[in-house]
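Engineer: sequence below, structure please.
(2 chains)
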There are 2 protein chains.
Amino acid sequence: MDTAMDAVVLDRDHAHEASGVVVVIDVLRAFTTGSLAVANGVPTIHLVADPADAFALRDAHPDVLLMGEEGGLPIDGFDLSNSPVELIASDVRGRELVHRTSSGTRAAVAAFAGADRLYCASLLSAVATAQAIGEDTPTYVVSGRSAERAAFDDGDDDLAVAEHIEALRLGRTPPADTSHRIITSPAAARLREIGVAEADIRCAATPVHGPTLMAARDDRGLRLTPVPPTWRPVADPR
Amino acid sequence: MDTAMDAVVLDRDHAHEASGVVVVIDVLRAFTTGSLAVANGVPTIHLVADPADAFALRDAHPDVLLMGEEGGLPIDGFDLSNSPVELIASDVRGRELVHRTSSGTRAAVAAFAGADRLYCASLLSAVATAQAIGEDTPTYVVSGRSAERAAFDDGDDDLAVAEHIEALRLGRTPPADTSHRIITSPAAARLREIGVAEADIRCAATPVHGPTLMAARDDRGLRLTPVPPTWRPVADPR
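Structural biologist: Prediction:
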């Protein structure tokens, strides 16, 4: 896959080949929605690849909320679609989520097996992700790109975020056009075609800073928990 | 005014008495909208106290966009209301804004005369504001509170943000209930009554981090420019 970066970049068809520190990116919209969820008080997000897995989890744990999409559209029987603005407007505090999306959560489930550590990232979590990676060069999974459907899913929105995180990680000034690349990407155009609100696309492209999502395995499968960005205090209270 | 803080806290009726480093807070919704605007590529925001001043600025500079409200509602002839979600969904990149609101921008204009430095803040800009303040103890102007209309405008949403910034400034853990206080404040209830979308209230209460707004005077009046939050890089590229 062509990229301006030295780091390894995989599309979602090759997510299972990732190893070491892995960053799975889905900016439109899975991990934007996910980071906003944990910022707003969701204690954990269970990631699943298929809607059937989500319904099975709710059968076993009726308190969870199901969030996700199929082909970009809401799923019958789910509580929430995969929408950042809908998420913000919802009262999710203290509720565990089960999250299923066509690109991001499936790529994360595929990538987890070979990863030493795995983060699920968006522009919102670029700073926190760059900070969390540490000293190792990560592998980026650009979940919106599929080599089998390259004309349709070029993943430039996710690649822009990968380049943004990589610049931050290396202490360089991040590109100024990341938001613009997200807003003008083929993925954004496709969301507009199927009726997704412009506010969702713009929210994902808004350069504010929230937590990244770190994956672990528990008895229910893959689980994401927040890692907030850190900052340098200006005043020393001691 | 009662507060848990040592710092001076003024309501908007006394904004003109502020001195030193001054932080004017309007979380629902003026300076949430303002910080999102500059995060999304607005180079400067001109603050005005009255709609007439906004129209006069546009007469002189036809390229500006007018944004604001009167009593919480859109103003006829303005381009944008005072809505964070509407702002996110709009293409404002490279456009200068003129911003007028009933509490926040009026309090900022009143406070500027006596201030050595002035920041216009929300929860979104809490970290950046705490970092920007520096060593001096600031005066907080809780713009949502008016002693003359205390039953109506108690300003607890803004006071919660003042306490949040003050904790960050002193290197303490900020309160965990800041978002909840904003969502359940009398100001939020009043916005719901007049038909403001829940997403706007929740967006203002979402604990993500964006730029704070620093005021200066130019030939058009008061002007806000962004000061982004800083962070500690985890990897040293040298």
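
Engineer: mind telling me what element residue A:181 is part of?
Structural biologist: helix A:178-183 (DSSP states H and E).

Engineer: what about chain A, any weak spots by pLDDT?
Structural biologist: Within chain A, the ranges that satisfy pLDDT under 70 run A:1-4, A:151-152, A:232-238.

Engineer: mind listing the helices for it?
Structural biologist: Taking DSSP state H as the test, the helices found in chain A are A:30-39, A:51-60, A:84-89, A:104-112, A:126-133, A:156-169, A:178-183, A:186-193, A:198-204.

Engineer: what's the most buried one of those helices?
Structural biologist: Scoring those by mean neighbour count under mean count of other CB atoms under 10 Å in any protein chain shown gives helix A:30-39 as the most buried, with a mean of 30. The way it works is simple: take the backbone N, C-alpha and C, and place the C-beta from them, glycine included.

Engineer: for the nearest residue to residue A:162 once chain neighbours are set aside, what are its contacts?
Structural biologist: Nearest non-adjacent residue to residue A:162, counting by CB to CB, 6 or more residues apart in numbering or on different chains: residue A:140, 4.1 Å away. Residues in contact with residue A:140 (CB atoms under 8 Å, 6 or more residues apart in numbering or on different chains) are A:5, A:7, A:8, A:9, A:10, A:22, A:23, A:25, A:162, A:165, A:166.

Engineer: give me the residue at the spatial middle of chain A.
Structural biologist: residue A:31 (2.4 Å; CA atoms, centre = their mean).

Engineer: quick check: that one touching residue A:122?
Structural biologist: Yes - under the criterion of CB atoms under 8 Å, residue A:31 makes contact with residue A:122 at 4.2 Å.

Engineer: shared neighbours of the two, anything?
Structural biologist: Common neighbours of residue A:31 and residue A:122 (CB under 8 Å, 6+ apart) are residue A:25.

Engineer: could you count how many residues lie near residue A:11?
Structural biologist: The tally of other residues near residue A:11 (other CB atoms under 10 Å in any protein chain shown) stands at 23.

Engineer: okay, and the beta partners of the closest residue to it other than its chain neighbours?
Structural biologist: Nearest residue to residue A:11 in three dimensions, chain neighbours excluded: residue A:145, at 3.9 Å (CB to CB, 6+ apart). In this entry, residue A:145 is beta-bridged to residue A:154, by DSSP bridges.

Engineer: ok, now how distant is residue A:145 from chain B?
Structural biologist: 26 Å (CB to the nearest CB, to the nearest Å).

Engineer: and that residue, what does it touch?
Structural biologist: Neighbouring residues of residue A:145 by CB under 8 Å, 6+ apart: A:1, A:11, A:12, A:153, A:154, A:155, A:158, A:159.

Engineer: apply 6 Å and report the result again.
Structural biologist: A:11, A:153, A:155 (CB atoms under 6 Å, 6 or more residues apart in numbering or on different chains).

Engineer: and for residue A:112?
Structural biologist: Residue A:112 touches A:118, A:215, A:222, counting by CB under 6 Å, 6+ apart.

Engineer: measure residue A:102 to chain B for me?
Structural biologist: Taken as CB to the nearest CB, the span from residue A:102 to chain B is 24 Å.

Engineer: residues near that residue, how many?
Structural biologist: Each residue near residue A:102 was counted by other CB under 10 Å, and the total is 21.

Engineer: kindly list the main-chain dihedrals of it?
Structural biologist: Dihedral angles of residue A:102 (phi, psi; degrees, to the nearest 10) stand at phi -70, psi -30.

Engineer: quick check: residue A:105 touching residue A:47?
Structural biologist: Yes - counting by CB atoms under 6 Å, residue A:105 touches residue A:47, with 4.7 Å between them.

Engineer: what does chain A have sitting close to chain B?
Structural biologist: A:39-40, A:85, A:88-89, A:127, A:131, A:134-135, A:169-171, A:198-199, A:202-203, A:206-210, A:229-235, A:237 (CB under 6 Å from any CB of the partner chain).

Engineer: any figure for the gap between residue A:175 and residue A:129?
Structural biologist: According to CB to CB, to the nearest Å, residue A:175 stands 16 Å off from residue A:129.

Engineer: likewise for residue A:214?
Structural biologist: Distance of residue A:214 to residue A:129, given as CB to CB: 9 Å.

Engineer: what touches both of the two?
Structural biologist: Common neighbours of residue A:214 and residue A:129 (CB under 6 Å, 6+ apart) are residue A:119.

Engineer: for the contacts of residue A:112, could you give me JSON lines that also reports distance to residue A:63 and neighbour count?
Structural biologist: Shown next, in JSON lines, are these (distance: CB to CB, whole Å; neighbours: other CB atoms under 10 Å in any protein chain shown):
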{"residue": "A:118", "distance to residue A:63": "26", "neighbour count": "27"}
{"residue": "A:215", "distance to residue A:63": "22", "neighbour count": "21"}
{"residue": "A:222", "distance to residue A:63": "19", "neighbour count": "21"}
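
Engineer: dump those residues to JSON lines, plus distance to residue A:182.
Structural biologist: Conversion of those to JSON lines gives the following (distance: CB to CB, whole Å):
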{"residue": "A:118", "distance to residue A:182": "22"}
{"residue": "A:215", "distance to residue A:182": "23"}
{"residue": "A:222", "distance to residue A:182": "25"}
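
Engineer: chain B: which of the residues you listed is nearest?
Structural biologist: Distance to chain B, by CB to the nearest CB, is smallest for residue A:118 among those, at 16.8 Å.
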